[in-house]
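> Output the structure for:
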Amino acid sequence: SDKELDHLRSLTYCSTLKDNILYTWNHTPTNIDINKLPKIQRTMIKLERLIGKGAFGEVYAGILTNNQPIAIKVN
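Next up, the predicted model:
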């Protein structure tokens with residue numbers, strides 16, 4: 001709502017986001033980058049919980065059979 005936006009605009013700018021590498025993305029993936037991603041069979045993935053959803057699908061936390069944690073986007 002407008003009231004919430006007014007409140008957000010009045011808050012002091014927090015520079016920690018720009019300094020946190022987890023919140024920055026200076027690289028646009030290309031088809032070459034996408035093609036280099038490993039192909040993982042669905043049978044190697046265990047979905048654990050929904051961690052987010054939006055217009056482009058849902059994202060689940062999961063784990064591979066080698067116990068590596070992963071995030072999976074599902075359309």
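
> Enumerate the beta-bridge partners assigned to the closest residue to residue 52 other than its chain neighbours.
The shortest distance from residue 52 to any non-neighbouring residue, by CB to CB, 6 or more residues apart in numbering, is to residue 59 (4.6 Å). From N, CA and C alone the C-beta is placed, and that goes for glycine too. Note on residue 59: beta-bridge partners residue 52, residue 73, judged by DSSP bridges.

> If you tally nearby residues, what's the number for residue 59?
Other residues near residue 59 come to 15 when the count uses other CB atoms under 10 Å.

> do the same with residue 60
19.

> before we move on, what about the one 5 residues further on?
Residue 65 has 11 neighbouring residues, counting by other CB under 10 Å.

> CA atoms only for stretch 61-75, dumped as CSV, please.
This file holds the C-alpha atoms of stretch 61-75, laid out as CSV (Å, rounded to 0.1, in the frame of the first residue of the first chain):
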residue,chain,number,x,y,z
ALA,A,61,15.2,-27.0,-1.2
GLY,A,62,16.5,-30.4,-1.9
ILE,A,63,19.4,-32.8,-1.6
LEU,A,64,21.3,-35.0,-4.0
THR,A,65,22.1,-38.6,-3.4
ASN,A,66,25.6,-37.5,-2.4
ASN,A,67,24.1,-35.3,0.3
GLN,A,68,24.8,-32.1,-1.5
PRO,A,69,22.2,-29.4,-0.7
ILE,A,70,20.6,-27.9,-3.8
ALA,A,71,17.7,-25.5,-4.8
ILE,A,72,15.4,-26.6,-7.7
LYS,A,73,13.1,-24.4,-9.7
VAL,A,74,10.0,-26.2,-10.8
ASN,A,75,7.6,-24.7,-13.4
